[in-house]
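Chemist: pasting the sequence and the predicted coordinates here, then a few questions.
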Amino acid sequence: MKKSLDLTVEIDFVTCGVRPQGELFRRASEAISNSEKLSAATGRVDDISLAAASRLVRRYVECQKLIFKFYNVSSDDWYARTVVRVFMTAPCLQKPLQEALKFRDQIETAANGSELYTVALGIIHEYETYCSHEEEMALLHK
């Protein structure tokens, strides 16, 4: 027998772990800008984990700009969870996320010395918070 959804449970961006165009988005935008300047100065970067982190950060910013642009959603809006699901499951973000997860250990190690890696790790944590929240909501529906 299914339990009915407790309507007193607040479903918002904070609960889902995503803050549209918040601090992580700002840091990601700056990290992209800084990495582009560094790449231009040093040439091509062949480090696979760096490339994965860079793609993840770049796609994160692009997807946020694209998906949240049309929603003008605040954390109080009832459809926040749906918008977050669209963002977190967007094909433009899923591939770079899965690729970065393969290099998670290297990203964690390098996060101490690189803002790009730190931001990538923050995005991974945001995704894991979202997944955890989705699992909890699925359990409420059983």
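Modeler: Nice, thanks for sending it over. The structure displayed is predicted, hence computed values, not measured ones. Residues are numbered from 1 along each chain as shown.
Chemist: tell me the pLDDT of Asn72.
Modeler: What the model reports for Asn72 is a pLDDT of 59.
Chemist: now do Asp12
Modeler: As predicted, Asp12 sits at a pLDDT of 52.
Chemist: same question, Thr129
Modeler: For Thr129, the model assigns a pLDDT of 87.
Chemist: which helix or which strand is home to it?
Modeler: Following DSSP states H and E, one finds Thr129 within helix 115-140.
Chemist: buried ones in that helix?
Modeler: By neighbour count with 16 or more other Cβ atoms under 10 Å, helix 115-140 contains the buried residues 116-124, 126-127, 129-130, 133-134. All C-beta atoms are positioned from the backbone trio N, CA, C, and that covers glycine.
Chemist: which strands and helices sit next to it?
Modeler: helix 13-16, helix 23-42, helix 48-69, helix 80-89, helix 91-102, helix 104-110 (3 or more Cβ pairs under 8 Å, 6 or more residues apart in numbering; DSSP states H and E).
Chemist: coming back round to it: find the pair from the buried residues of helix 115-140 with maximum spatial separation.
Modeler: Leu116 and Glu134 (27.2 Å; Cβ to Cβ).
Chemist: check contacts around Phe87.
Modeler: Val18, Pro20, Cys63, Gln64, Ile67, Phe68, Leu93 (Cβ atoms under 8 Å, 6 or more residues apart in numbering).
Chemist: nearest residue to Ile48 in space, please, no chain neighbours.
Modeler: Phe103 (6.8 Å; Cβ to Cβ, 6 or more residues apart in numbering).
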